[in-house]
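**Student:** Just to be clear, the model below is a prediction. Sequence and coordinates:
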Amino acid sequence: MSAPPETATNTAAVPATGGDAGTARRPRSRSLAGWGFALPFALLFLVFTAGPVVASLLMSVTDLRGTDLLDPFNVDIVGLDNYLRLAGDEKFLTAAGNTAIFVVVGVPLTMALSLLVAMGLNSGLVRFQTLFRVGYYLPVVTSIVAISVVWRFVLQPDSGLLNEFLGLFGVDGPNWLNNQTFALPTLIVMGAWRNLGFGMVIFLAGLQAIPKDLYEAATIDGARRFARFRYLTVPMLRPTMLFVAVITTIGYVQFFEEPFVMTQGGPLDSTLSLAYHTYNQFGFGNYGSASAMGYVLFVVVVLLSIAWFKLLRNNVD
Amino acid sequence: MTEHLRSRDRVARAALYLVLSSGLVLVVGPFVWMLLSSFKPEGEIRAIPPTWFPHDPTLANYGNLFDRLDFPTFFTNSVVVAVLTTAGNLLFCSAAGYALAKVPFAGKRVLFGIVLGTLMVPSIVTIVPLFVLSSNLGLVNTLAGLILPYLAQAFGVFLMRQFILSIPDELLEAARIDAASEWRIFWQVVLPLCRPALATLGILTFLASWNNFLWPLVAATEEETYTLPVALALYAIGQNRTEYDLLLPGAVVIVLPVLIVFVLLQRHFVRGIATTGLK
């Protein structure tokens, strides 16, 4: 809250130093003014965001441990050891596999559901638009902790709503969260449930931006519903899809909160994710290898985003 | 419109309603159950088969929040962190966004490049150095330590810059000719025009901060600085038996402020995400 006066004095000084100077000095005074506005942000951002991004990279090539903080000279540079060791780290490989499944199944599932809901709401047949939109969006803005409380109850093995419901059909539901086969799929469905509202809002905006007369023209030309979807909606929606795909992928690669509150990574690491494994390494004080794992995650995020760009950008047939 | 005219058959309409409404029940139903059950006595929460409406409504569960948890502290911490983080972002991001959009200054492109470069960095990447930094600055286990790392965020400055770019230069030039200082131009011309963007940024920041989990989990090491989600999560996970008579009212209290903010301001919200997403 001390920023406004600081900024104000910076800019107030501008007319004093550069007031009667000619055009030559004007850019410099405006440059000062620009930094006056940007400085509080820039300082905070460098110290708490950009700095740590670089520091993490540096830490990832050292054997820094939590106990070394009091004794920085104890830290050695180990080059790429932290990265190379990941290849032989069983837990890391398990976590990588789980994360890959979560992303490969979860992202398309979430996108398909959100597109379906958005198209339903956009079809012009539906009233109570606001109710539907707010309802579907609710889980997106809800704390994972509240969600976990509700879902744990729903998924309880003997008295949960889901198994009660399955019981009506004579199906004996498993202990969803405590079963090596079902735990990860359950979290994937939970992720889709939680995030479909985000894609829905973006897809709705994208659908509404498609000119209506295109549909009229296509209909007059005899295009059926599926043809209109395949040859009109999908190509027109490509930029929107790219955006939703990238944002959803970035979020899902970092998949941490769901296993943390629902399964603690179990049973037997079947829901351990990369971010969760990294968090654990940090908890054990292995700062160097935790940083290396974080950077692996970062590289994956960048590569997948590039892949989405290649896949969805400008390849209109 | 065309869709409307073509598929006049009631069957299609009914089917669509059925599908969308079932989906809505699946999404919202658990929250409704959570709210209703928070008023049930312990025994009824665990009743088999589960009930929807409380037979014997009680506020006892909400009393548990005060008896068995230090609820006032956790709630106050959550509010203080979310409000200050939001206020800081509105101020710092709009000021920096204005500079990046409209004021030429040396190093501008570098600054914007750095901001963009960090947009995709997963939060787990910075956790370790951030924790080391916080320990060195004495910020671990303080509310300042929960707020400072989130005061200047890349997304916020990006949003504000994009919005301010759309303000016509002529408007600002006119003010400059009237010899207004840059500060006055920002405060009296730019900020009032930014109201929709500020509303979006404010809501998004408040919600993100209120729900933030990973960093408070790491940086709040003692009960006195726990935020509401951290307190409930650690409590729930630490127990062998899930104590719904404590967790349900806790979850309701976590969701309620969000629900109020969201329902009241959802117009800004939806428009905000849509425009930042697509432009």
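**Tutor:** Arrived safely, thanks for sending.
**Student:** who in the stretch 151-279 of chain B is up against chain A?
**Tutor:** Contact residues, the stretch 151-279 of chain B versus chain A (Cβ under 8 Å from any Cβ of the partner chain): B:151-154, B:157, B:181-183, B:186, B:207, B:210-211, B:213-214, B:218, B:228-229, B:232-233, B:236-237, B:242, B:244, B:247-248, B:250-252, B:254-255, B:258-259, B:262-263, B:266, B:270, B:273-274, B:277-278. Placement of C-beta: from N, CA and C, glycine included.
**Student:** Now do the same for residue A:269: helix, strand or coil?
**Tutor:** Following DSSP: H, G, I helix; E, B strand; the rest coil, residue A:269 is assigned to coil.
**Student:** Quick check: it touching residue A:89?
**Tutor:** No. Applying Cβ atoms under 8 Å as the test, residue A:269 and residue A:89 come out as separate, 12.0 Å apart.
**Student:** Neighbour count: the two, which is higher?
**Tutor:** Neighbours were counted for residue A:269 and for residue A:89 using other Cβ atoms under 10 Å in any protein chain shown; residue A:269 has more, 19 against 15.
**Student:** show me what contacts that one?
**Tutor:** Residues near residue A:269 by Cβ atoms under 8 Å, 6 or more residues apart in numbering or on different chains: A:91, A:94-95, A:98.
**Student:** Next, it: phi, psi?
**Tutor:** Dihedral pair for residue A:269: phi 60, psi 10, per degrees, to the nearest 10.
**Student:** Give me the distance between it and residue A:111.
**Tutor:** In this view, residue A:269 and residue A:111 are 28 Å apart by Cβ to Cβ, to the nearest Å.
**Student:** Could you do residue A:69 as well?
**Tutor:** 43 Å.
**Student:** The two - which one has more neighbours?
**Tutor:** residue A:111 (20 against 16).
**Student:** Now for the more buried one: which residues touch it?
**Tutor:** A:199, A:241, A:244-245, A:248.
**Student:** quick one: which of those residues is nearest chain B?
**Tutor:** Using Cβ to the nearest Cβ, residue A:244 is the member of the contacts of residue A:111 that sits closest to chain B, with 8.2 Å.
**Student:** Just give me the longest helix of the chain.
**Tutor:** Just going to use chain A. When chain A is parsed with DSSP state H, its longest helix is helix A:90-122.
**Student:** that's the wrong chain, I meant chain B
**Tutor:** Looking across chain B with DSSP H, the single longest helix is helix B:244-278.
**Student:** Buried residues of stretch B:157-170, list them for me.
**Tutor:** By neighbour count on 16 or more other Cβ atoms under 10 Å in any protein chain shown, the buried set for stretch B:157-170 is B:157-164, B:167.
**Student:** go on, stretch A:166-186?
**Tutor:** Buried residues in stretch A:166-186, counting neighbours by 16+ other Cβ under 10 Å, are found at A:173-174, A:176-177, A:182-186.
**Student:** Distance check, the closest residue to residue B:242 other than its chain neighbours against residue A:161.
**Tutor:** Excluding its sequence neighbours, the residue lying closest to residue B:242 (Cβ to Cβ, 6 or more residues apart in numbering or on different chains) is residue A:152, at 6.0 Å. Per Cβ to Cβ, residue A:152 is found 11 Å from residue A:161.
**Student:** same thing with residue B:259?
**Tutor:** Distance, residue B:259 to residue A:161, using Cβ to Cβ: 21 Å.
**Student:** so what's residue A:315 scoring on pLDDT?
**Tutor:** pLDDT for residue A:315: 53.
**Student:** wait, I meant residue A:65
**Tutor:** pLDDT for residue A:65: 84.
**Student:** again with the one 10 residues further on
**Tutor:** The score at residue A:75 is 77. That number is its pLDDT.
**Student:** ditto for the one 3 residues further on
**Tutor:** Looking at residue A:78, its pLDDT reads 84.
**Student:** Quick check: it touching residue A:61?
**Tutor:** Yes. Taking contacts as Cβ under 8 Å, residue A:78 lies within contact range of residue A:61: 6.5 Å.
**Student:** who touches both of these two?
**Tutor:** residue A:288.
**Student:** Below-threshold pLDDT in the chain: ranges please.
**Tutor:** The chain I'm using is chain A. Within chain A, the segments meeting pLDDT under 70 span A:1-28, A:70-73, A:125-126, A:314-317.
**Student:** wait, I meant chain B there
**Tutor:** Along chain B, segments meeting pLDDT under 70 span B:1-9, B:237-241, B:269-279.
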